[in-house]
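Asks: What follows is a predicted structure for the sequence shown.
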Amino acid sequence: MSDQQVNENTFEKNFEQACTLLQAVKSEIKKVLIGQDDVIDQVLVALIGEGHVLLEGVPGLGKTLLVRALAKCFGGEFSRVQFTPDLMPSDVTGHAMFNMAEQKFEIRKGPVFTNLLLADEINRAPAKTQAALLEVMQEGQITIEGESFTTSQPFMVLATQNPVEQEGTYPLPEAELDRFMLKVGMDYPQEADELTMIKQLSAGKSATGFDLASIKSLIKPAQVAAIRRIASKIIVDDEVLAYIVNLVRATRNWHGIARGAGPRATIALLSAARSLALLRGNTYVTPDDVKEIYLSALRHRILLSAELEIEGTTADQVLTNVLQKIEAPRK
Amino acid sequence: MDLSRLAIETRPRNPWEAADLGLLMARRWWWPLLSIWLFVAVPVWLLFLLLPTDWLWWQALIFWWLKPLYERPMLHYLSRAVFGEKVSVKDCVGQFFKLAWVQLFLSLTWRRLSPSRSMDVAVIQLEGLSGARRSQRLAVLHRMGSGPATWLTIVGIHLEAFIAFALIGAIWAFIPAEVDIDIQADVLFEYEWQVHLLINFISLIGTALIAPFYVASGFAIYLNRRIHLEAWDLEIEFRKMVQKREQAPRSPPLKPSHLASVIVLFALCVATFSPPGELHAQSQANDAASVSGLYDLDHESSKSLIEEIKAGDEFHNVETYDEPDFSAFFNSDDNNDKKKSDFDWNGFGAIVKFFALLAAYGEYLLWFAVLIIVVILILRYREWLSKYFVDTPTEDARKIPDTMFGMDVRKESLPDDLGLSALALWEKGERRAAISLLYRGCLAEIIHLGIVLEESYTEQECVAAVSAAGARMNDGMMDYFCAVTQLWRKMAYGHMEPNAVAANKYFQNWNTIWSGPVDTSGVKSD
């Protein structure tokens, strides 16, 4: 057996294990978050693709529950920061504090030094606090008092925001938005799913919440790193690469889009498509994977023109139009 | 028509003042007018409720379009009431069909949008004129009063809209805050039929409240114009004088010269200002009875008297006007010998002519510009317009494309025996080309079955589209296409070649599925 064949066999074995593990995690989260399969998929895509997720939805859809369930499945560290108008950047990142006993400065690390960071209602904090996440989201490190500290690996930010409430909120700056790999919109569950949810609750011990204790810890930080390595080996054909580039570049000259997506969007789209292929059990990326994740990867990175904003057109509508007009690859 | 019984003060008024008088008339006869309108219009409105709920928009439009018909009984009432005749609401409502029938087609087609409708309707309804005579009559009437009549229409439209919006706003204000209604989406654009019906009803209320004022003001402008034209005020004064004479027999007899002057002046006024023929048919009978019955003047003698008076100094007043002399600005040197007082309009006239010409061409240019703007707007918003005015071609009517996804999908471009050709490619080692040909063949067959595939479709979307149009394909075709799609996806994106057994199966089945059998016994495995 040649080395290449050995490598291929090893890859296939690891790939199958990764798929099985991911499906197990998904099933575990589905136990508590019912009727939001697409959202669970996209959060897992971001986890595999080394990205961050902005979850948007009206209150009560289970955004925080999803993150808590993921944290429970994931054996690493988990921190939660409730973003409030008086939250300071140092409350997130950490700060230097003078120790009177030892007469020296000590670095007190903030909640951002973790594997999974839940930034709950991120748009309630002012811009300066939101900006505290810029460095850590891009570089995976934090600079305190001139010294850089790396975060735990894997590191993932899951931020939530409420699209309806505008009073007392601060819209996320463009630079911050661009650092999120996916912006996932959560919608109301279907009737049947909601019924299942209520039945499950009525049968459970707690009357008000889901029993997260029943969720098993399935995946460890080292395994996440291994899955990420596997995802990076997923085959992407040149035609698919060209398709990704075309889709992103189209937003830069599209009628109705004042500012299109940058190259970071291209990278994010590729990475997300790879992760999705892995989640679907494919060793290669198809244009379908790209299309499926396109809206989530791009919707927060484009700025609509004023006329479309006034007409009430959404970014999703414009991007759907792009998808319909850009030719899918064929050879 | 007995002018002495006129319920309004007869004097020449400014048209705006006449419109104001119309408002007073509407207030004076408010309940009868409103009742007439409601008795006539509401049944029509209710009748349109029989339309399907999706067509409620049409109800509003048609009801609005028929508005001139509901106004005619009101005008009938006013035209009688203003001359002191007693007329009941029931009579007016009963005459609705008779009144509505008069020049119905013209009134509801190009005359429907006439802005001076309120004033003009009296000409057809009360004077009974049509055709060229109506036009001539309107031309005379419009010399004064058409402007206010037009503005009356514009203001009326706005007031109707304001009332409707105010009522909608009032209802909106009374909706509890707990009821979550997106006014833009739910009420203004994508409303339910119940909301639509409510809006129609509110429009009905707005129209009902404005209609009596609109009709009365238009009629008052019309009356005022006739007072101007026919000197009703003078006629009434003369009648009063005659009546006074009749009622005071003991007073000294009127001197023949005075009597003659009065009669001649009266006759002159009537002759000068009287409207054409039948316009005054009703009044002529009265006039004849009142005047000729009292004084037997034959035609010749009155004519000679009129001629005599017309030849007098009163009709030959010469007035001298001084006008400025602008000739110095326009005259050339050859006119220097002329007197300064001889005003020469030649130069000025040339300028006037120039501007008149400019205006005439300018009008054409303006219309041309309007045309260009309309064309540009249509081109600019053609996609939006096409949604509403152009029928989307049905799937069958769509032209089958020659190329899809950058591939030639004409049947002529495919080999006669596609299964064999793909097999030949496979044997030559061109595995990818073989599977590609198979997939292309499937797409070409599907497109020629009339199933619409868009350029932006991915492979899975093509499968979904084919599944959605399942009736046109049998199960064998469907399964075959799904399997070849999977084969192609693995080959194209996963760089994985299918094994020979699988390939053999698809080459062999091609003709069975799409046309006939193919001999694939020679397929070689890896």
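Replies: Cool, the structure landed.
Asks: need the contact list for whichever residue of the stretch 201-331 of chain A sits closest to chain B.
Replies: Of all residues in the stretch 201-331 of chain A, the one sitting closest to chain B is A:Tyr284 (3.4 Å; C-beta to the nearest C-beta). For the C-beta atoms, the positions are set from N, CA and C on the backbone; glycine is no exception. A:Tyr284 makes contact with A:234-237, A:277, B:489-490, B:493-496, according to C-beta atoms under 8 Å, 6 or more residues apart in numbering or on different chains.
Asks: try 7 Å this time
Replies: A:234-235, A:277, B:493-494 (C-beta atoms under 7 Å, 6 or more residues apart in numbering or on different chains).
Asks: what's the answer for B:Tyr321, then?
Replies: Residues counted as contacts of B:Tyr321 (C-beta under 7 Å, 6+ apart): none.
Asks: Need the per-residue pLDDT for it.
Replies: Model confidence at B:Tyr321, given as pLDDT, is 79.
Asks: so it is in which element?
Replies: When secondary structure is defined using DSSP states H and E, no element contains B:Tyr321, which sits outside every helix and strand.
Asks: Phi, psi for it please.
Replies: When quoted as degrees, to the nearest 10, the phi and psi of B:Tyr321 stand at phi -110, psi 140.
Asks: For the stretch 151-300 of chain A, which residues are neighbours of chain B?
Replies: Residues of the stretch 151-300 of chain A found near chain B (C-beta under 7 Å from any C-beta of the partner chain) are A:235, A:237, A:240, A:283-288, A:291.
Asks: hmm, back to that, buried ones from the contacts of A:Tyr284, can you make that a PyMOL selection?
Replies: With 16 or more other C-beta atoms under 10 Å in any protein chain shown as the burial test, the buried ones among the contacts of A:Tyr284 are selected in PyMOL as follows:
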select buried, (chain A and resi 234+277) or (chain B and resi 493+494)
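Asks: which residues sit in contact with A:Thr114?
Replies: When contacts are taken as C-beta under 7 Å, 6+ apart, A:Thr114 is in contact with A:77-79, A:152.
Asks: one step back: mind checking which of the residues of the stretch 151-300 of chain A next to chain B are in helices?
Replies: Helix and strand membership here follows DSSP state H; of these, those in helices are A:240, A:287-288, A:291.
Asks: can you give me the strands for chain A?
Replies: Remark: strands assigned in chain A by DSSP state E are A:53-56, A:78-82, A:94-99, A:104-109, A:116-120, A:141-144, A:147-150, A:156-161, A:182-185, A:257-259, A:303-304.
Asks: The closest residue to chain A within the stretch 201-350 of chain B: neighbour count?
Replies: With C-beta to the nearest C-beta, the shortest gap between the stretch 201-350 of chain B and chain A falls at B:Ile202, namely 25.2 Å. By the measure other C-beta atoms under 10 Å in any protein chain shown, the count of residues near B:Ile202 is 18.
Asks: on that earlier part again, who does the residue of the stretch 201-331 of chain A closest to chain B form a beta bridge with?
Replies: A:Ile235 (DSSP bridges).
Asks: Give me the distance between it and B:Asp322.
Replies: With the distance defined as C-beta to C-beta, to the nearest Å, A:Tyr284 ends up 102 Å from B:Asp322.
Asks: Could I get the pLDDT score of the residue in chain B that chain A sits nearest to?
Replies: Of the residues in chain B, the one nearest chain A is B:Gly494, at a distance of 3.4 Å by C-beta to the nearest C-beta. Note for B:Gly494: predicted pLDDT of 81.
Asks: three-state assignment of it?
Replies: coil (DSSP: H, G, I helix; E, B strand; the rest coil).
Asks: contacting residues around it?
Replies: Taking C-beta under 7 Å, 6+ apart as the test, what B:Gly494 contacts is A:235, A:283-284.
Asks: what's the burial count for A:Ala222?
Replies: Here the neighbour count serves as a burial measure; for A:Ala222 (other C-beta under 10 Å) it reads 12.
Asks: Any chance of CSV for the strands of chain A, columns mean pLDDT?
Replies: Formatted as CSV, the entries for the strands of chain A read as follows, by pLDDT from 0 to 100:
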stretch, mean pLDDT
strand A:53-56, 88
strand A:78-82, 84
strand A:94-99, 80
strand A:104-109, 80
strand A:116-120, 85
strand A:141-144, 80
strand A:147-150, 80
strand A:156-161, 86
strand A:182-185, 88
strand A:257-259, 86
strand A:303-304, 86
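Asks: which one of those lies closest to B:Phe355?
Replies: strand A:257-259 (47.6 Å; C-beta to C-beta).
Asks: Check what pLDDT residue 292 gets.
Replies: All of this refers to chain A. A:Glu292 is assigned 87 on the pLDDT scale.
Asks: wrong one, I was asking about chain B
Replies: Reading off the per-residue confidence, B:Ser292 sits at a pLDDT of 44.
Asks: Next: B:Arg133.
Replies: According to the model's per-residue confidence, B:Arg133 sits at a pLDDT of 87.
Asks: And for the one 3 residues further on?
Replies: The confidence metric pLDDT takes the value 88 at B:Gln136.
Asks: Secondary structure element holding B:Ser79?
Replies: When elements are assigned from DSSP H and E, B:Ser79 belongs to helix B:67-81.
Asks: Now that helix: buried residues?
Replies: Along helix B:67-81, the positions that meet the burial threshold by neighbour count (16+ other C-beta under 10 Å) are B:67-79, B:81.
Asks: What is the nearest of these to B:Ala444?
Replies: Nearest to B:Ala444 among these, counting by C-beta to C-beta, is B:Lys67 at 59.2 Å.
Asks: what about the helices in the stretch 101-250 of chain B?
Replies: Along the stretch 101-250 of chain B, counting by DSSP state H, counting those that start in this stretch, helices occupy B:104-108, B:117-125, B:131-141, B:146-174, B:193-230, B:232-247.
Asks: which residues in the stretch 301-450 of chain B form strands?
Replies: Counting by DSSP state E, counting those that start in this stretch, residue ranges of the strands within the stretch 301-450 of chain B are B:403-404, B:407-408.
Asks: Domain boundaries for chain B, per the record?
Replies: Here the domain parsing of chain B from automatic domain parsing is B:3-230, B:246-315, B:332-390, B:403-514.
Asks: ranking those domains by mean pLDDT, which is last?
Replies: Out of these, domain B:246-315 stands lowest, with a mean of 59 (criterion: mean pLDDT).
Asks: What parts of the stretch 1-150 of chain B come near chain A?
Replies: Counting by C-beta under 7 Å from any C-beta, no residue of the stretch 1-150 of chain B sits close to chain A.
Asks: To clarify, my last question referred to the stretch 151-300 of chain B.
Replies: With C-beta under 7 Å from any C-beta as the criterion, the stretch 151-300 of chain B does not meet chain A at any residue.
Asks: Run a quick neighbour tally on B:Ile446.
Replies: When neighbours are defined as other C-beta under 10 Å, B:Ile446 has 22 of them.
Asks: Which residue comes closest to B:Ser203 once chain neighbours are left out?
Replies: B:Ala164 (5.2 Å; C-beta to C-beta, 6 or more residues apart in numbering or on different chains).
Asks: Okay, helices next: where are they in the stretch 201-331 of chain A?
Replies: Taking DSSP H, counting those that start in this stretch, the helices of the stretch 201-331 of chain A run over residues A:221-232, A:238-250, A:263-279, A:287-298, A:306-311, A:315-325.
Asks: what pairs with the one residue sitting closest to the centre of chain A across the strands?
Replies: Among the residues of chain A, the one closest to the centroid is A:Val53, at 2.4 Å (C-alpha atoms, centre = their mean). Residues found in beta-bridge contact with A:Val53 (criterion: DSSP bridges) are A:Leu158, A:Leu182.
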